[in-house]
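Q: sequence unknown, structure follows:
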């Protein structure tokens with residue numbers, strides 16, 4: 001009788017244990033949703049850095065830099081967090097936008113329709129540019145005006161004002177002032193080299209121009225002429241790009257600005 005009672009107790013205990021839910025039972029997983037997020041500012045390397053930062057969410061992410069689009073597949077709250085991060089970083093000057101250092105050289109060529117004058121020889125790396133300008137324009141006398149070395153950073157606008165040599169008039173000892181605004185939006189790997197997309201390249205010159213002389217023959221009278229260039233575009237590492245001519249300096253002359261750059265690894 002005692003044996004039967006003990007067996008009954010064991011059976012009841014086993015039944016009770018079997019009927020209970022396991023203590024570590026997995027809760028219901030939150031439904032996943034897909035979201036398409038458009039990136040407005042970042043491109044190239046900056047876009048890739050943004051996508052890389054999203055790995056912290058351990059969500060399914062597909063990105064297309066050409067479409068500037070990121071597609072995520074994750075729980076609703078995770079998608080919301082990812083959208084907030086992208087909105088914060090998808091701005092000029094953010095941690096994702098500021099990237100590689102860029103060495104850029106801006107070469108200014110003073111070009112005239114007059115017959116070539118005897119003067120300093122152009123640097124070897126500018127001879128090919130001068131040859132193309134002579135073939136494509138009416139300017140025959142092409143001389144180096146100045147060379148400006150610049151250090152830029154991807155995703156960060158740089159503004160700088162400096163003095164350049166003055167006009168061709170030897171009696172006028174007044175410098176030309178140039179204000180630069182350069183905005184390298186993104187650096188993108190192109191095969192073995194790089195291409196840098198500039199949102200803006202702005203050159204504003206304040207050039208002294210002789211208007212006459214005093215009766216006693218002393219220092220000539222002059223005024224300042226404001227001319228400039230505002231453009232944008234992609235510049236390829238290792239190539240020289242002529243931005244365009246800056247007219248209005250003198251009646252028969254103009255300035256051509258030539259860009260060359262190198263992206264630092």
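A: Sure, I can see it. Everything numeric here is computed off the predicted structure, so don't read it as measured data.

Q: SS state for residue 87?
A: Taken by DSSP: H, G, I helix; E, B strand; the rest coil, the conformation at residue 87 corresponds to helix.

Q: contacts for the helix or strand hosting residue 228?
A: Using DSSP states H and E, residue 228 falls within strand 221-236. Strand 221-236 has contacts (CB atoms under 8 Å, 6 or more residues apart in numbering) with 172, 174, 190, 193-214, 241, 243-244, 246-249, 255, 257, 259, 261. Every residue, glycine included, has its C-beta placed from N, CA and C.

Q: Narrow the residues you listed to just the buried residues.
A: 172, 174, 194-199, 201-210, 241, 243, 246, 248-249, 255, 257, 259, 261 (16 or more other CB atoms under 10 Å).

Q: what ranges do the helices span in the stretch 51-200 of the chain?
A: All helices of the stretch 51-200 of the chain, identified by DSSP state H, counting those that start in this stretch, fall at 76-89, 124-136.

Q: JSON lines please, covering those and showing mean neighbour count, mean pLDDT and distance to residue 97.
A: As requested, the helices of the stretch 51-200 of the chain are exported to JSON lines (neighbours: other CB atoms under 10 Å; pLDDT from 0 to 100; distance: least, CB to CB, whole Å):
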{"stretch": "helix 76-89", "mean neighbour count": "15", "mean pLDDT": "93", "distance to residue 97": "7"}
{"stretch": "helix 124-136", "mean neighbour count": "14", "mean pLDDT": "90", "distance to residue 97": "32"}
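
Q: Columns distance to residue 56 on top of these, output as JSON lines?
A: Shown next, in JSON lines, are these (distance: least, CB to CB, whole Å):
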{"stretch": "helix 76-89", "distance to residue 56": "9"}
{"stretch": "helix 124-136", "distance to residue 56": "45"}
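
Q: closest one to residue 150 among these?
A: Closest of those to residue 150 is helix 124-136, at 16.6 Å (criterion: CB to CB).

Q: in the protein, what secondary structure element scores lowest on mean pLDDT?
A: Least confident helix or strand of the chain, by mean pLDDT, DSSP states H and E, is helix 2-19 with a mean of 41.

Q: My read is that residue 101 contacts residue 151, right?
A: Yes. Judged on CB atoms under 8 Å, residue 101 makes contact with residue 151 at a distance of 6.7 Å.

Q: For those two, indicate the residue with more neighbours.
A: Under the criterion of other CB atoms under 10 Å, the comparison of residue 101 against residue 151 puts residue 101 first, with 14 against 10.

Q: quick one on the thing from earlier: looking at the helices of the stretch 51-200 of the chain, which is nearest to residue 182?
A: The closest of those to residue 182 is helix 124-136. By CB to CB, the value is 20.0 Å.

Q: Is the nearest residue to residue 239 once chain neighbours are set aside part of a helix or strand, or is it coil?
A: Residue nearest to residue 239 in three dimensions, not counting chain neighbours: residue 260, with 7.1 Å by CB to CB, 6 or more residues apart in numbering. The assignment at residue 260 comes out as strand when based on three-state DSSP.
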